[in-house]
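1. Next come a sequence and a model predicted from it.
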Amino acid sequence: MDPIKVLTANIDKPNSTSIDVYIDGGGYKAIETALKMKPEEVTQLVKDSEMRGRGGAGFPTGMKWSFVPKNAPKPTWLLCNADESEPGTFKDRVIMEKDPHLLIEGMIIAGYAIGSNPMSYIYIRGEFYYGATVLDKALDEARAKGYLGKNILGSGFDFDITVARGAGAYICGEETGLIESVEGHRGQPRVKPPFPAVIGVFGGPTVVNNVETLACVPLIINNGADWFKSFGSPKNTGPKLYCVSGCVRKPGVYEFPMGINLKELIYDHCGGILGDRKLKAVIPGGASAPMLLPDEIDLPLNFDAVMKAGSMLGSAGIIVLDDSVCIVDAVWRLSKFFAHESCGQCTPCREGTNWLESVLDRIERGEGRPQDADLLLSMSDNIGGKSLCALGDAAIGPVISSVKKFRDEYLHHIEHKSCLPETVRYRRLDAPVAAH
Amino acid sequence: MADLHPDNPYAPDRFPDASKPVEFPPEAKKKFDYILTRYPTKEACLLPTLHLAQEIWGWISPEAVLYIGGLLDLSPATVFGVVSFYNMYNQKPVGKYHLQVCTNLSCMVRRAYDIYDHLCEKLDVNPGATTKDGRYTVVEVECLGSCGTAPVVQVNNDYHENMDVSKMDTLLAELK
């Protein structure tokens, strides 16, 4: 399969962030078309395209939009989830930093389709300071040209966008955590139901869409649902950005029709494994996704196929690990992340993620006990499905899959008090620990 | 009673310091007034206002918590609750250069810990602490969303990608 340039059509152009370059490439045409349609027709078109949300859960976007009740007592809100914090994921950043107008146009159309009130927010993670400045500048340009503000293109539709910066909390990528954060609170997820489509931000019905999802919307309006479906396979449609990182020769963001073969992606497009080492494991969908073994990677990267293989496509953040990487150390690092990012609201996740981290650390340090591998599984069992949001479930993904698939390596650590001989030390075990 | 947290500006016996009230300079006040126009509630302005405060003062002091609470009709406890939840709000002063090394998995397998250890050693500073001259703070941070160009080091607001120890040395020489 050859790479495509659909979502990424503009990013290599000089000055790609300017509105003139975007308009020259056919930009802001989709708004004209969409504003002449009825909002329900726009939603129907997105439904027909069978697009599934690009943020991780893969929920059909058109369906999400249609859940917004008509005539709700409070205004409806559109939020763009640009809190790209899943380790291994860096695709939304490319859109925001290189082609911000594509996102803005998508938001205007989405806002029109769901009947959004005249303000919406792009919730961008605080660390993307540069991305936020690019977006702010692009929003100013769009306002100056009349694509944002009152009575857009004479349609009577008022709409504006504000860039809301997060401040370094992974949990704010969870949709109700994001909503809490936009309201100015600690980003602790809410109980569902009520779902955001009924009661979301500021008490109104709310649609939260990922950056890449919204960036697809103008393409669907311009080219039609059938064109969109011509990429990929039924129920897994459209162009898709894949982020490849870790031990590969050419890491980066790659665009393919949904469903590129994972093996082909790694070996043919990303140049294979760094230093010609042996592939050990692949995480196919960001840190939360269970690991795949080398003999499991001959599969198309779409939502359904990866799920069938026992993992998930998630945000399509593919982390490749070669045989120099100690699996226990790698899983420890991911567990440290989840322990750090647990919001502290639900006990199983708050306590459990820290326990996972410390048990993995003691195994790595050669202080593991014979029952530790099973202990990890039993702890995971007490975290999964027992908290409000999916962070706990995310934290156990790499733990369970690694204990099941690399049990021998765990046992080697416990028995020989050392890592496998072919692995490399990527962190010093004697390094001083940060004071909190 | 002995002070258990000599480095903690939020230690109970010094919160708040009424002798040092703070106030936004006029330029920041204008920005704050603009923020107020962009959100439907005052509370929703808290995160952007804290970002503004940190831009001016470099950290969020107890006095700033009190001041911002007053601006937004929020209790100091509510404001501090938000400050302490989010990683990016500094609860103590940081160095002129805030060196944030991502060590998450994709950066780790590209030897990010070497950079981190090297920085701590070369600048003779404990992880998470600031050098005595107040120039550098070295911290380990979670994924910065730059895994394709790992390892990444964020200095204040700027990303430096595809780093290694020697590039870090070159960069340090420029950060005077």
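-> Noted; the coordinates are in hand.

2. can we go C-alpha only for contacts and neighbour counts from here?
-> Fine.

3. which residues of the chain score low on pLDDT?
-> Assuming you mean chain A. Within chain A, the segments meeting pLDDT under 70 span A:434-436.

4. Can you look at chain B instead?
-> Applying pLDDT under 70 to chain B picks out residues B:1-6, B:13-16, B:18.

5. What segments of it are helices?
-> Remark: helices assigned in chain B by DSSP state H are B:26-38, B:46-57, B:62-72, B:76-85, B:105-108, B:112-122, B:165-174.

6. Can you add distance to chain A and mean neighbour count and give the ones you listed back as a markdown table?
-> Shown next, in a markdown table, are the helices of chain B (distance: least, Cα to the nearest Cα, whole Å; neighbours: other Cα atoms under 10 Å in any protein chain shown):
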| stretch | distance to chain A | mean neighbour count |
| --- | --- | --- |
| helix B:26-38 | 7 | 14 |
| helix B:46-57 | 5 | 19 |
| helix B:62-72 | 11 | 20 |
| helix B:76-85 | 5 | 18 |
| helix B:105-108 | 5 | 29 |
| helix B:112-122 | 5 | 20 |
| helix B:165-174 | 14 | 13 |
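
7. Nearest to residue A:309, out of those helices?
-> helix B:105-108 (22.5 Å; Cα to Cα).

8. which secondary structure elements does the closest one contact?
-> Where contact means 3 or more Cα pairs under 8 Å, 6 or more residues apart in numbering or on different chains; DSSP states H and E, helix B:105-108 is packed against strand A:239-246, helix A:327-341.

9. redo that, cut-off 7 Å
-> Judged by 3 or more Cα pairs under 7 Å, 6 or more residues apart in numbering or on different chains; DSSP states H and E, the packing partners of helix B:105-108 are helix A:327-341.

10. The very next helix or strand once past the helix it packs on versus helix A:327-341: what angle between them?
-> Next in sequence after helix A:327-341, counting helices and strands by DSSP states H and E, comes helix A:347-364. Computed by axes from the mean of the first three to the mean of the last three Cα atoms, to 10 degrees, the angle separating helix A:347-364 from helix A:327-341 equals 150 degrees.

11. in helix A:347-364, what's buried?
-> By 16 or more other Cα atoms under 10 Å in any protein chain shown, the buried positions in helix A:347-364 come out as A:348-350, A:352-364.

12. cool, and stretch A:365-380?
-> Buried positions in stretch A:365-380, judged by neighbour count with 16+ other Cα under 10 Å: A:365, A:366, A:367, A:368, A:369, A:372, A:373, A:376, A:377, A:379, A:380.

13. With stretch A:67-82 instead?
-> Going by neighbour count (16+ other Cα under 10 Å), the buried part of stretch A:67-82 is A:67, A:68, A:75, A:76, A:77, A:78, A:79, A:80, A:81, A:82.

14. So the second one is in contact with residue A:197, correct?
-> In this case it means residue A:68. Yes - proximity of residue A:68 to residue A:197 meets the contact threshold set by Cα atoms under 7 Å, at 5.2 Å.

15. any residues in contact with both of those two?
-> residue A:205 (Cα atoms under 7 Å, 6 or more residues apart in numbering or on different chains).

16. so what are the domain limits for chain B?
-> Split into domains by automatic domain parsing, chain B comes to B:22-85, B:97-174.

17. mind listing the strands for the stretch 51-200 of chain A?
-> Assigned by DSSP state E, counting those that start in this stretch, the strands in the stretch 51-200 of chain A fall at A:77-82, A:120-124, A:161-165.

18. how about these in CSV, adding distance to residue A:250?
-> Listed next are these as CSV, based on distance: least, Cα to Cα, whole Å:
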stretch, distance to residue A:250
strand A:77-82, 25
strand A:120-124, 27
strand A:161-165, 31
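
19. Of those strands, which is nearest chain B?
-> Nearest to chain B, of all the strands of the stretch 51-200 of chain A, is strand A:161-165, at 6.9 Å by Cα to the nearest Cα.

20. Adding distance to residue A:58, write the helices of chain B out as TSV.
-> TSV is the format used below for the helices of chain B (distance: least, Cα to Cα, whole Å):
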stretch	distance to residue A:58
helix B:26-38	31
helix B:46-57	29
helix B:62-72	38
helix B:76-85	29
helix B:105-108	24
helix B:112-122	32
helix B:165-174	39
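
21. Reformat the buried residues of stretch A:67-82 as a markdown table; add distance to chain B.
-> As requested, the buried residues of stretch A:67-82 are arranged in a markdown table below (distance: Cα to the nearest Cα, whole Å):
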| residue | distance to chain B |
| --- | --- |
| A:67 | 24 |
| A:68 | 20 |
| A:75 | 11 |
| A:76 | 13 |
| A:77 | 12 |
| A:78 | 13 |
| A:79 | 13 |
| A:80 | 15 |
| A:81 | 14 |
| A:82 | 11 |
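
22. Residue A:32: which of the residues you listed is nearest?
-> residue A:78 (19.7 Å).

23. give the contact list for that closest one.
-> A:111, A:116, A:120, A:121, A:206, A:207, A:208.

24. quick one: which of the residues you listed sit in helices?
-> Per DSSP H, the subset of the contacts of residue A:78 in helices is residue A:111.

25. how about the contacts of residue A:78 in TSV, adding neighbour count and distance to chain B?
-> Listed next are the contacts of residue A:78 as TSV, based on neighbours: other Cα atoms under 10 Å in any protein chain shown; distance: Cα to the nearest Cα, whole Å:
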residue	neighbour count	distance to chain B
A:111	27	17
A:116	25	14
A:120	23	9
A:121	22	9
A:206	29	15
A:207	29	17
A:208	28	17
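
26. Give the closest residue to the one residue in the stretch 251-400 of chain A that gets nearest to chain B in space, chain neighbours not counted.
-> Of all residues in the stretch 251-400 of chain A, the one sitting closest to chain B is residue A:252 (4.5 Å; Cα to the nearest Cα). Nearest non-adjacent residue to residue A:252, counting by Cα to Cα, 6 or more residues apart in numbering or on different chains: residue B:148, 4.5 Å away.

27. And that neighbour, how close does it get to residue A:338?
-> To residue A:338, residue B:148 is 21 Å away according to Cα to Cα, to the nearest Å.

28. burial measure for the residue of the stretch 251-400 of chain A closest to chain B, as a count.
-> By other Cα atoms under 10 Å in any protein chain shown, 21 other residues sit near residue A:252.

29. And for the one 10 residues further on?
-> By the measure other Cα under 10 Å, the count of residues near residue A:262 is 20.

30. pretty sure residue B:140 contacts residue B:99?
-> No - counting by Cα under 7 Å, residue B:140 sits too far from residue B:99 to count as a contact (8.5 Å).
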